[in-house]
Structure formats: structure tokens, C-alpha cells
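Q: here are the coordinates; sequence isn't available:
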């Protein structure tokens, strides 16, 4: 087996494939990256850790068919460091030789016959703009739980109903919901999937090289369940799905409020960050809204304290409410808007953060970030 | 004879009798220790038992002596001794089950007396404290006079006696109070500390436990005087940092200051089973009962705590302690219990026979500083409110008026109906 390929193309493809390689492989062979040159002059690079699979297909200038397995991490480091010249990859017996310019590397090969076969892609279901998808996923994944002992909360729930995709995630303390449009292959397609949050966020971000992402998912009750696939511009990845159990979140999203505040996002972010300097982890930043201003405070009694006042556009009943500053900042970072709108009912009821002033026709905004307050002892 | 008894039965040479006016200049540290505290408090309600051997402690087969009057101690009874042994030593003693609420109340009153004298009060148990009276000398007189004043106040207001050691350092003051027990006062003048210390057995020193004592005796070091004459470098080689510290103590040097702090750093409860238990359900039930008790005490004291620890003692007395720090401080039994169960499970002692289990909450803060991150769909009134209602019911109808169902034992068990 041999092939010649441009250094940048190879480095990018190897780096993308190496992302899904396990850091601590359960069996040594899983640390390998599989390189295959097909009869029709294509190079396929693939990696798999039984949860996530990744495969890139490249068009070759020259190549002899064959198959080899080498250490993925080492190959990624080597290709990243190579000079900007064509790369020659030749398998000689039990060794693979990488030559680029005046540099030459000899790698040991691993037993390719022991490598598990990658799961088949579920049937393609439709397409979505890659940038839209990536930003929507990022907005929602921020609220997913990080605690692996509660797997149900580490996922992003994807609900597909016709041409609408709804993404939702919660760690119990906040809930992010985003609606977006896509083009299903069948107009009445409907499906529900729980995708591991971290994997989905990584995947969506890494598939923005193409214009569109194809989502491969079987409809409810269809075949290939338990798996979702994404592909774009020669890259395809599959992920095993989580148990679809998820809180009934729609009823938890308040629709009526007693007050709302519109605040310039960047000024608000800066102020929260400053005030939070004196707040320890998991301790609150207190917000007091009255008249045309909000007073931000953190710290208490015998500790350091901070206070800052910001002008806001405020309507409704005055309110004092406290939040985990990290949750508030992550929400403000996710709304993707110059103006943040916070809507409240009472100091112990969920508040909703949205971007800008919602459309006047009463429609719900595409993105909502629900944040549960911190109750202070009275 | 146990080590404790050796210390107690050998009064050593007391260089200065308590009655004689001793030179107390440069001796601002007082160690006040109640005499047979729990027993003394019990005698207030049972005056007819005065002058007789009385033991406070659970009477069951696994009970231990918490406190004993000096009349009982004469028979060799001492605290922490198994009740069965104590009864064998002193069969005529009256055994009174403990009522902790009563002791806590008296303890609070006594600490108030101390704090009226100086804010520099460091309680080290419910029945003993260090005081630094430097700041009170001009107002109330010399340290020895203040010590006498404290003894009179405690006796008058609470009807119990205490012993006070007066010295230049904390550890000498503590040794002094032990020497003049019961109902005594001893001043160890600053220039006679060495004379006082050197005849004492090494075990009298703070920080010398059974292991260190054995190691010292192996080296031929039996008294504090022996220890004082071993080069500090030798001690450091043998015992590391502890060795250097011991050399200092042997010459009466103790830099530790009286540091007033909140009396409660942690609140815990533990239970020795009447017989060893290996049934995880029974152990969890006990953890629940202890969690309920600890949570009620936290709430009563206005505390919340962030660290939950469990203590598990196997049948062979080996003991392990495991702790976990929570996301938020709590005073809710349900949360303490859940954490205690996780710790028990994680300790890998399922099906191991346990003799004792304990639950403790550490890292205490005032309840007024509590904050709670609300969860989605969480009810506004939760377990905390339910448990506070239990507290109110307990105040009106007595403890255990309301309990988790799993802790209710059939009352008419075995009765013919």
C-alpha cells in the first residue's frame, strides 16, 4: 500500500479522525487509526472507540490499494509537524514510512485484522446548514450536565417533527432550548434522540467545513436505532445514543412573567464578571431590579464584597433575585445577541434569558435559556 | 491496669499545694475542667445519690461509661470503659442513662461564666476550656484569684464542681487541673514548671499516645525528666516533627495560644450496636436514625455544614472514616443520610460485621448564610420544611414523636391480641 497526498489535507484529516480516538483505550488496537486506500483512488482514515466512530474520505493523486493500522496519536503529531510539501506514505512489511521533504518517519504498524469494523451509518434523514447547526448545538450544549454519574442529564435531546428540529439540554439548574429549521428527506419525518452533549458539540463544530450537514437517524421505531450519524464534506461520524429519558421540559418553561429587563449584553457580562470576582464557586450574584437600574452584588458579611450598578430598561414589578454567576454568564454567552432580555416571575421561580426583544407577534424566540435562581435564606 | 488509670491513681509530686498562696505571676493560662461532669449534673436531680458510686452511660451490653462519680472511680471505673466491666468492678453503683440535652444546657451556662471573664475562651469539650485571663487581671485580680472566682461561680450557679489549673502555658495548665482533681485549684509557678513536669510519666505529655509511649519506654525514657535530657536531635530522628515538639514540651515550652473559636466545629452522633451487625439494611436504618439526630441538632444550633462523614468500626475494632463535601451546606437529614449511605456503600463494607457506626457533619457555618440553588421542577417547600415541622412536633410531644416510617418499631411486638 502507498499513497501521496498534500500535507495540509492529510494533517487536517488525521487531526479530525484522531479526535475520536480514546485517551485510554480499553484494548490496545483502539489506539490505532485505520488507513485504507481503495481501488478507486480514495483514502479512508477512520477511528472508533465503540461509542463514537469517525471516518474521512480523501481523493488521492496517486495510490496503491491496501490497508494499515498505525498509532493515531503519533500519526496526528507527525502530520501536524510536517513541512508544507507532498507527503508519501508507504507500507514496507510491518512498517509504515512517512516521507515529506527531507523528513522521514518509520512507524510500527498494528494488526489491522483485529480492528473492529465501524458501525454502519443509519439511513440519511435530512440536511441542515452547518453553521446554523453548529451554533444551535453550542447554545444548547452549554446547559448539559457534566456529571457522568447522571448520564440522563449529560445529553442533548433532539426532537424532529417535520421541518423543525428542537434541541434541549438541562443539568437541573438551567435548561436551554433551541428550535431550528432543516430539510427532512420525508416531510412527515419524526424522531427523538438523546445525544451525548460533549460529543455532539465537538462534532457540530468540526463539521462546519462543508455548507451542509447530513443527519442520519432512523425515524421513531425504525431500524438502526440507538445510533445517529452526521456527515459533511467527506467526513462522517456516528455516535451511540443515550437512553431517551428526559424531563418533560416544555411544561417547566414559564410563559407568563411579572417583569422583564433589557440589558446591553456585553456591559452586563462585564459587570457580572467583575462582581463575581468575590463570589466563590456555587455562590450567588444578587441582582436587584428597580426603576431604571439593576444593582449587582456578591460576597457577604465577613467576606469580600462587590457591588455595581447598571442602567436597564425595566418593566413590571421590582424584583431581587440571585443566580449562580457561572450559569448566568454561560447563558449570556449563548444568546448571541447585543441585548439580553431577562424575564421573571418571583425570586424563587425560573427566569428566562433570551436574546434581544422578542418579536412583537407574540411568537416564542428560537432560543430560550431558563435559569433557576439561588434561594437566599430569609 | 489501663494507661489512663496509671495517670489518675498516681498524683505524683505536687510541688505547690493548692491552698498555699503560690506565685502566679506570668501564669495567665487557666484550664478549667468540670469534675465528673455528666455524673455531677445527674446528681443535681438525684441528690440522694450524693456520696455514692454513680455511673452515667447506656446500660445495655454494649454501653460504655460516659462519666462516673469519684466514689465509683475508686473502684477502678473510668470513662470509656465498657459498662459490663464497670458493673463487675462496682456492682453497687447506680447506672443512669445519659440525657445529653441537660449536659449541653449546663455546659452552655458554664461557658457563659468563662466568657463573662474574658473573650479569650477556647472550649475543647463540653466540660473543659482554656482561658487566657491576661486582660482580666486588672479588673478581677491575679490569675489564681480569677480561678477561685470561676470555681465559686460554677458551684453557686450550677451546683457542680470543677478543677482549675493555672500555669504559663496551655499544656502545663491542663496537667495542673488534672493533678488537683476533684474540686481543686493548682498554680504551677512559671519558675517551677520543670520541677513539676520532670517526675511525671511521659504519657502525661500532650501528643504522647500509646504508640509513642511504647516507643519511648523502649528507649528507656519513662519520665518527662528522662525525655528532657535526650538530645532534641535524637528525638527528631526517632519521631520526626513530633520528637522536636516533645523536646519542647519536656522543658515546659508550649507556644500554642488560647484561640477562641466557635464551640461547634462539627456535630455528630454515633451508635454502638448491642451486637455486631452485618445486614446493610439494618446499618442504613441506623445511619438514617443518626442522620435525623445530627440534622435536628444542627437546626437547633442554627448551623449548616458542607462535609458529611461516616465512621464505621468493624467487629475487630478497626475503624474507617470517610467524608464527602457537598455542593451546598445542609441541615437536612435526608441529604445527610443520602451522603452517609453513599459513603457506606463506597467504603466496600457491605456484609462486613460492624460494631459501631457514626454520622458527622463538619465545616459548620451559621444557618443564616445558607443559600440553595433551586432545581428545575423543585417544590418550593421541601424536606427542610418537613423536618422543621418534625422539630416542632418533637418540642411539643417529645423526641421521636415524628420519625421516618422505617424507624418505627412495632410497639406491640409479641403481644397477644
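A: Okay, I see it. Predicted model only: the values in this text are computed from it and were never measured.
Q: how is the chain carved up into domains?
A: Just going to use chain A. Using automatic domain parsing, the domain parsing of chain A gives A:2-114, A:124-250, A:253-371.
Q: Let me rephrase: I mean chain B.
A: Domain assignment of chain B by automatic domain parsing yields the ranges B:198-250, B:266-416.
Q: Chain B: strands as residue ranges?
A: With DSSP state E as the criterion, chain B has strands at B:29-34, B:54-56, B:67-68, B:94-96, B:121-125, B:128-132, B:162-167, B:185-187, B:266-277, B:303-314, B:319-330, B:354-366, B:371-373.
Q: which parts of chain B sit against chain A?
A: Chain B comes close to chain A at residues B:327-328, B:367-378, B:380, as judged by Cβ under 8 Å from any Cβ of the partner chain. Any C-beta I mention is one placed from the backbone N, CA and C, and that applies to glycine too.
Q: Show the buried residues in the residues you listed.
A: When the residues of chain B next to chain A are checked for burial by 16 or more other Cβ atoms under 10 Å in any protein chain shown, the buried set is B:367, B:370-374, B:376.
Q: Just put those in CSV and tack on pLDDT.
A: Conversion of these to CSV gives the following (pLDDT from 0 to 100):
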residue, pLDDT
B:367, 83
B:370, 82
B:371, 85
B:372, 86
B:373, 89
B:374, 90
B:376, 88
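Q: Enumerate the residues of the stretch 151-300 of chain A near chain B.
A: Of all the residues in the stretch 151-300 of chain A, those lying near chain B are A:170, A:172-173, A:175, A:247, A:249, A:252, A:282-284, A:300, going by Cβ under 8 Å from any Cβ.
Q: What residues does the closest residue to residue B:201 other than its chain neighbours make contact with?
A: Excluding the flanking residues, the one nearest residue B:201 by Cβ to Cβ, 6 or more residues apart in numbering or on different chains is residue B:223, at 6.0 Å. Residue B:223 makes contact with B:198-202, according to Cβ atoms under 8 Å, 6 or more residues apart in numbering or on different chains.
Q: Please name the nearest non-neighbouring residue to whatever residue of the stretch 201-350 of chain B ends up closest to chain A.
A: Residue of the stretch 201-350 of chain B nearest chain A, by Cβ to the nearest Cβ: residue B:327 (6.0 Å). Nearest residue to residue B:327 in three dimensions, chain neighbours excluded: residue A:282, at 6.0 Å (Cβ to Cβ, 6+ apart).
Q: Next one: the one you found from residue A:322, what distance?
A: 12 Å (Cβ to Cβ, to the nearest Å).
Q: ok, now residue B:215?
A: Taking Cβ to Cβ, one finds residue B:215 at 55 Å from residue A:322.
Q: got it, and residue B:222?
A: Distance from residue B:222 to residue A:322, by Cβ to Cβ: 62 Å.
Q: Out of those two, name the residue with the larger neighbour count.
A: Set side by side, residue B:222 and residue A:322 show more neighbours around residue A:322, with 22 against 14, by other Cβ atoms under 10 Å in any protein chain shown.
Q: wait, doesn't that one sit right on residue A:348?
A: No: the criterion here is Cβ atoms under 8 Å, and residue A:322 misses it with residue A:348 at 9.9 Å.
Q: Provide the count of other residues in contact range of residue B:97.
A: 12.
Q: tell me the contacts of it?
A: Neighbouring residues of residue B:97 by Cβ under 8 Å, 6+ apart: B:56-59.
Q: cutoff 6 Å now
A: residue B:58 (Cβ atoms under 6 Å, 6 or more residues apart in numbering or on different chains).
Q: repeat for residue B:208
A: By Cβ under 6 Å, 6+ apart, the neighbours of residue B:208 are residue B:202.
Q: for the residues of chain B next to chain A, which one is nearest residue A:326?
A: residue B:373 (10.8 Å; Cβ to Cβ).
Q: Tell me how many other residues crowd the nearest residue to the closest one once chain neighbours are set aside.
A: Using Cβ to Cβ, 6+ apart and skipping the chain neighbours, the partner closest in space to residue B:373 is residue A:374 (5.0 Å). The number of residues packed near residue A:374 is 24, by other Cβ under 10 Å.
Q: Just to check, residue A:374 is in contact with residue A:284?
A: Yes: the pair residue A:374 / residue A:284 is scored as a contact, 4.1 Å apart, by Cβ atoms under 6 Å.
Q: Mutual contacts of the two, please.
A: Shared contacts of residue A:374 and residue A:284, defined by Cβ under 6 Å, 6+ apart, comprise A:322, B:371.
Q: Please, which helix or strand holds the most centrally placed residue in chain A?
A: For chain A, the residue sitting closest to the mean C-alpha position, by Cα atoms, centre = their mean, is residue A:201 at 1.1 Å. Take DSSP states H and E as the rule and residue A:201 turns out to sit in helix A:197-206.
Q: residues contacting residue A:247?
A: By Cβ under 6 Å, 6+ apart, the contact list for residue A:247 is empty.
Q: same deal with residue A:337?
A: By Cβ under 6 Å, 6+ apart, residue A:337 lies in contact with A:355-356.
Q: any idea whether it is helix, strand or coil?
A: Recorded secondary structure, residue A:337: coil (DSSP: H, G, I helix; E, B strand; the rest coil).
Q: Chain B versus that one, what's the distance?
A: Distance, residue A:337 to chain B, using Cβ to the nearest Cβ, to the nearest Å: 24 Å.
Q: I am finished for the moment; much appreciated.
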